[in-house]
Structures are given as structure tokens and as C-alpha cells.
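Engineer: Fold the following.
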Amino acid sequence: MKIEQFEDKGLAHFSYAILSECAREIVLIDPARDPQPYYDFAKAHDATIISVIETHPHADFVSSHLEIAQQTGATIRVSKLLGADYAHEPFDEGNAFTVGKLTFWALNTPGHSPDSISIVLSREGQDVAVFTGDTLFIGDVGRPDLREKAGNLTAKREELARQMYHSLREKLMVLEADVLVYPAHGAGSLCGKALSGANSSTIGAEKAGNYALRPMSEEDFVKELLADQPFIPKYFGYDVALNKAGAPAYAPSVQQVKRLATGAPLEPSVLVVDTRPEAEFKQGHVTGALNIQQGGKFETWLGSIVGPEESFYLVAADEKNLENLIRKTAKIGYEALIKGALIGSPSAEATLPQLDVNAFRRHPENYTVVDIRNAAEAKAEPLFEGALNIPLPELRERAGEIPAGKPVVVHCAGGYRSAAGASIVAPVLPATRVFDLGEAVKSFQPTAVIY
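Structural biologist: Numbers count the residues shown, from 1 in each chain. Modelled structure (predicted):
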């Protein structure tokens, strides 16, 4: 037996291939959008992919389960509660199947979603591992507030939090302490609030160290789980629906994105997502363009700022970055929204001014300061007295709340988000100078050393 973990760092996503070495057959769990790594794994081990299991319809990434099934003939297994639109075999409590000496059996573990399952892997009758999807993470559990309006089954967050309490205690905590825990996400995922940086754990270690598994009443659990959950990106409901239906094949879908020549005319009514470094963007860009820079979390911020009902042009600094960004966009199913993709600066009609940081430091009262960190971040570490807190995912809808009487300074925690924030605010306040504090924000933080 071999358990291979695949990691997508940008989305903090883990998927798995479980190889039966005697049968030369593979079972996949929660595969990412690009199926090629799983095909490569199968080829390297001279094995056949015979089943793909989805622990639930994912909200934060698009799965390749349907494409893999169509390509390999593998059987897709999901909970019947998911209401999947594609051919599948229901996989719920009491269902099991065998591959060589390995047995996979399902546990219904609602809480993150009504249709969540966990999969216990046994070898010759001995439980070895449990693949917990978004039910149990390392150091955390899945958030229960994503299915109030999305999916085949909807449920209020309080109801799902109560189901999570029972799923953990009645289905997972009763497994042997040495059973390995393999979750669908790690640190940085928005499907939880306090995920560990570890890639795997054991039931025993989680019972000892996971806050959600310590002894507590159901009421206290619900209250603690619902507190301080992160924002919900705009694309989450869209991805739930796309995964329920089954996404189109990855490579053809990426290839169908129109590559435009540098300087090609752009329809003025279509949004421009300009991914170039903030310094280049500030020197010249299309009026109204959003500066969501190429970076480790690009796809998450794209799907948090731009809704799935909007089409957009995608602008990159060079061809290598452009192709990389199209693939990142496809990871959340947004490649179909790209009106056209091109490199370079399509226009220099708009610019953003550079902030005199020393002048701002001496007289911050002369500026309207807009803090675009999440509410919990702003509450934990306030930086500027009187700052207006509008989290970045809400800024396009709420920028009109910013007063125009004084110059505006936009800041976040490290400088990445504020570039996007300033690009959103500036067109809304055309008669006001809008500045991006950028990485200089670090010199205002309590741990900063000022020379």
C-alpha cells in the first residue's frame, strides 16, 4: 500500500492517491482541477485509476473527478445527499469496496456541509487511515457557514455546527488513536479558521491537541466554532455548483481562453484584472482596472474580489506569467470568465500617486485611513486611530462609504492587499488622491524598528 499526498500550496489543498501494490489499482480522493499529476502517478506505478471519491462538493477549488472518470473509466463515489448530476455510485454509511487487500468504507460526517463523508481505509481488517475531507483538519475543523445558500442541500450554520459536534464525537473520535488523519486542507485555507501547518496527524494527536475535540458541551462547541470565521469568498457558491455538475476538462478549457495581442482594443465596459507588480501598475493602467498581483494566493483573491457573474480581461507582465495565471484561474473555475488574456500594459491613461510616507507618519490626521484587513485582524492589531475598516472582499461594494474630503491612504497587513484596495478606491473617488501604503505599513506595526 502507498498513500501519496498531493499539495496545492496556493489553495492549501491536499488530495490523495491510494495505491494497492498487489492489485496495481489506485483510488483518488478529492483530486484538484488538473488531472495530470494523478495520471503521472498511475503511470509511474504501472497502475490503473479505478475510483475517484469526493468527500463533498468543494467550495474553494474545482475538482477533476468527472474528467478523470471519463478518461479512465473510474467509478465516482459520493454521498447520495450531494445530488450529483453525473454518473456515480452512492457512497454513504454502510457502503464499502475493496481494492486488493484494502477496504474503503464511508462515514457520513455532516458539519462542514450536509453531504460530507469521511473515508476509512483498512488493510487486512485493520484501520490504517481516515480521509476526513473538510470535517476534521489538523488543529481545526471545517467551517459550518458555507451551505446556507449553496448546494443540493442547504442548512443554517448553527444546524451544521451541531452536526459537526456529533460527527466528530460519534464517528471520528471513536477510531483507534493510531489511525492516521489525512484532511483536504492545511494552513492558509479559508475552509477553517485555525488550521495547523502539518500535513497529517493521528486521531490520538487530534484528540489531545485539537480545540474542537476537547471535552465541552454542544452549546459551547457551537458558540466557539461559529466565532471569528474568516470571510466567504464570492466564488465559493459557484464552485459548489460546478463540482456538483462536474467541471469541463481542464486542458481544453484552459486552451480555449483567448490570447490577445499586446495593444489589442479592449471593450470599455469589461473589467480588467491587471496582475502586474504594483509599481508598474501605478505608472499606468486602464481606468478602473483592479491590481490583483501575481502571487501565491492570486486565485483566492481573484475569487474574493471578482464575482462569478463578471467577465474580465486578464493582464500579465509577460507570457510565462500569463499562462501560469490562466491555470491558476482555472483552479477555481474562472477561466470561462476571461474575455481575453494579454501581456504588457494595455493603457497608461490612469496612474496612482506615490505616498510620502514620512509626511503621512508626521500627520496621519490629514488623511482618511482605510484599513482593508479582515475585521478580526483590525480588531486584534489596530494601527491607526480612527481608521475606517472595510475588508478587501467587501471594498468594491462599500468604497462609496469612504469620505472624499481628505487624501485617502489604504493599508493592509503586508502590502499585497492594499495594492488591490487602492486600485478599487481610486476610480470611485476621482477627485481625491488615493495612496497605497504598501509594505511601508510594516514600519507602523508594534514590532517595527524605526531608524
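
Engineer: distance of E394 from A375?
Structural biologist: Here E394 is placed at a distance of 10 Å from A375 (CB to CB, to the nearest Å). C-betas here are computed from N, CA, C, even on glycine.

Engineer: what's the answer for F384, then?
Structural biologist: Distance check for F384 against A375: by CB to CB, it reads 15 Å.

Engineer: again, but for G186
Structural biologist: In this view, G186 and A375 are 24 Å apart by CB to CB.

Engineer: Give me the more crowded residue out of these two.
Structural biologist: Between G186 and A375, counted using other CB atoms under 10 Å, the more crowded position is G186 (25 against 15).

Engineer: Now do the same contact list for the nearest residue to the more buried one once chain neighbours are set aside.
Structural biologist: Excluding its sequence neighbours, the residue lying closest to G186 (CB to CB, 6 or more residues apart in numbering) is A12, at 4.9 Å. By CB atoms under 8 Å, 6 or more residues apart in numbering, the contact list for A12 reads H185, G186, A187, G188, S189, L195.

Engineer: Does the second one touch A194 like I think?
Structural biologist: Right, G186. No: the pair G186 and A194 does not pass the contact test of CB atoms under 8 Å, sitting 11.7 Å apart.

Engineer: Just the buried subset of the contacts of A12, written out for ChimeraX, thanks.
Structural biologist: In ChimeraX syntax, the buried subset of the contacts of A12 is picked out as below (16 or more other CB atoms under 10 Å):
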select :185,186,187,188,189,195
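
Engineer: which one of the contacts of A12 is nearest P308?
Structural biologist: For these, the residue nearest P308 by CB to CB is S189; the value is 19.5 Å.

Engineer: From L337, how far out is the closest residue to that closest one other than its chain neighbours?
Structural biologist: Distance criterion CB to CB, 6+ apart; nearest residue to S189, sequence neighbours excluded, is A12 at 4.0 Å. From A12 across to L337, the span is 23 Å (CB to CB).

Engineer: try G197
Structural biologist: According to CB to CB, G197 stands 32 Å off from L337.

Engineer: Now for A317: which residues touch it?
Structural biologist: A317 sits next to T275, R276, P277, E280, Q294, I343, G344 when contact means CB under 8 Å, 6+ apart.

Engineer: Quick check: L160 is in a helix.
Structural biologist: Yes: assignment of L160 by DSSP: H, G, I helix; E, B strand; the rest coil places it within a helix.

Engineer: so where's the chain uncertain?
Structural biologist: Applying pLDDT under 70 to the chain flags the ranges 448-451.

Engineer: mind giving me the domain split of it?
Structural biologist: Domain assignment for the chain by the TED database gives 2-236, 250-343, 357-443.

Engineer: now for those, which one comes closest to K244?
Structural biologist: domain 2-236 (4.7 Å).

Engineer: helix or strand for V27, which one?
Structural biologist: Assessed by DSSP states H and E, V27 sits inside strand 25-29.

Engineer: Run through who's touching that strand.
Structural biologist: For strand 25-29, using CB under 8 Å, 6+ apart, the contacting residues are 15-20, 38, 41-42, 45, 47-55, 65, 68, 74, 99-100, 102, 104, 119, 131, 182.

Engineer: Sort out which of those are buried, if you could.
Structural biologist: Using 16+ other CB under 10 Å, the buried members of those are 15-20, 38, 41-42, 45, 47, 49-55, 65, 68, 74, 99, 102, 104, 119, 131, 182.

Engineer: and the residues you listed, which of them are in helices?
Structural biologist: Of the positions in the buried ones among the contacts of strand 25-29, Y38, F41, A42, H65, I68 sit in helices, assigned by DSSP state H.

Engineer: what separates the third one from A12, distance-wise?
Structural biologist: When distances are taken as CB to CB, A42 and A12 turn out to be 25 Å apart.

Engineer: same check, this time on the last one
Structural biologist: Using CB to CB, we find I68 at a distance of 22 Å from A12.

Engineer: How about the first one?
Structural biologist: Counting by CB to CB, the separation of Y38 from A12 is 19 Å.

Engineer: Could you do the fourth one as well?
Structural biologist: Here the criterion is CB to CB. By it, H65 lies 19 Å from A12.

Engineer: do I338 as well
Structural biologist: 24 Å.

Engineer: got it, and S304?
Structural biologist: Using CB to CB, one gets 14 Å for the distance from S304 to A12.

Engineer: Then L28?
Structural biologist: Taking CB to CB, one finds L28 at 19 Å from A12.

Engineer: Same check on G296?
Structural biologist: From G296 to A12 the distance is 10 Å (CB to CB).

Engineer: Likewise for V174?
Structural biologist: V174 sits 28 Å away from A12, going by CB to CB.

Engineer: Report the contact partners of V434.
Structural biologist: For V434, the contact set (CB under 8 Å, 6+ apart) comprises L352, P353, P407, V408, V410, A422, V425, A426.

Engineer: repeat that with 10 Å
Structural biologist: Contacts for V434 (CB atoms under 10 Å, 6 or more residues apart in numbering) come out as 352-353, 355, 368, 370, 399, 402, 404, 407-410, 421-428.

Engineer: what's the spacing between it and L225?
Structural biologist: Distance, V434 to L225, using CB to CB: 38 Å.

Engineer: How about G344?
Structural biologist: Applying CB to CB, the value for G344 to L225 is 47 Å.

Engineer: Tell me which of the two has more neighbours.
Structural biologist: Neighbour count, other CB under 10 Å: between G344 and L225, L225 has more, with 27 against 15.

Engineer: so who does that one touch?
Structural biologist: Neighbours of L225 in contact, by CB under 10 Å, 6+ apart: 111, 140-145, 157-158, 160-162, 164-165, 192-193, 211-212.

Engineer: Could you list which of these belong to helices?
Structural biologist: Those of these mapping onto helices are R157, E158, L160, A161, R162, M164, Y165, per DSSP H.

Engineer: distance between the ends of stretch 98-105?
Structural biologist: 9 Å (CA to CA, to the nearest Å).

Engineer: what comes into contact with it?
Structural biologist: Residues from elsewhere that reach stretch 98-105 (CB under 10 Å, 6+ apart): 1, 18-27, 29, 50-51, 53, 77, 91, 93-97, 118-128, 131.
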